[in-house]
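S.K.: Here is my input, please return the structure:
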Amino acid sequence: MLAYAQDVTEPSLKAAFIYNFTKFTAWPTAVMPLAGPLVVCVLGDPAVSSALERTVKGRVLEGHSMAVSYVALAGPQRACHVLYVSGVTADQAKRIVAALRDEPVLTISDIEGFTELGGIAQFFYEHGQLRFSVQLESARRARLQISSKLLALANQK
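M.R.: Predicted structure coming up:
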């Protein structure tokens, strides 16, 4: 009997990372109502949005159902608990991060220099593997607590 490894696409890998980021992040209780869903928003990457929908379907995290929302550049990003940003310019990313400054939104991107712009987590490739960095100061400013288990895997900045 032969077993074939399933090819993992970049969008499904990023979706898995984003889901795991949510598992290892704690939001202030005031922004996580007991009955409300945890809202994961995606801007600029419909493939990651679709992969995330498949990843979180039916999952419950700390008593919260999970919802995925595809948002536009001018959309309501403050309604998100997690915001994944892709396919925008560094200047647009900078404006998005500035608009969410001090808001309890976990901002993640694959845009080079995203954490230097004030974003919390950034994907990058190292030796052909998807990795991520975390900007702890940005997470603290957003009042998010990121688990040491996640931080142990990150390149911290």
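
S.K.: Now do the buried residues in the lengthiest helix in the chain.
M.R.: Using DSSP state H, we find that the single longest helix of the chain is helix 10-23. Using 16 or more other C-beta atoms under 10 Å as the test for burial, helix 10-23 gives Pro11, Ser12, Lys14, Ala15, Phe17, Ile18, Tyr19, Phe21, Thr22. Quick note: C-beta positions are derived from backbone N, CA and C, even for glycine.

S.K.: which element is the nearest residue to the fourth one once chain neighbours are set aside on?
M.R.: Right, the one you point to is Ala15. Counting by C-beta to C-beta, 6 or more residues apart in numbering, Ala15 lies nearest to Ala51, which is 3.7 Å off, once chain neighbours are set aside. Using DSSP states H and E, Ala51 sits within helix 46-56.

S.K.: Now find how far off-centre that helix is within its chain.
M.R.: With C-alpha atoms, centre = their mean, to the nearest Å as the basis, helix 46-56 stands 12 Å off its chain's centre.

S.K.: Next, report how far the helix or strand just after that helix is displaced from the centre of its chain.
M.R.: Later in the chain than helix 46-56, the nearest helix or strand by DSSP H and E is strand 60-61. Computed by C-alpha atoms, centre = their mean, the chain-centroid distance of strand 60-61 equals 16 Å.

S.K.: how about low-confidence regions in the chain?
M.R.: 1-7, 76, 156-157 (pLDDT under 70).

S.K.: in the protein, which spans are strands?
M.R.: 25-26, 38-43, 60-61, 64-71, 82-85, 106-109, 121-126, 129-134, 145-146, 155-156 (DSSP state E).

S.K.: then the fourth one to CSV, C-alphas only?
M.R.: Going back to what we said before, that points to strand 64-71. The C-alpha coordinates for strand 64-71 follow below in CSV (Å, rounded to 0.1, in the frame of the first residue of the first chain):
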residue,chain,number,x,y,z
HIS,A,64,-15.9,31.3,21.0
SER,A,65,-17.0,30.1,17.5
MET,A,66,-14.7,31.4,14.8
ALA,A,67,-15.7,33.5,11.8
VAL,A,68,-13.7,34.6,8.8
SER,A,69,-14.4,37.9,7.1
TYR,A,70,-12.8,39.1,3.9
VAL,A,71,-12.5,42.9,4.3
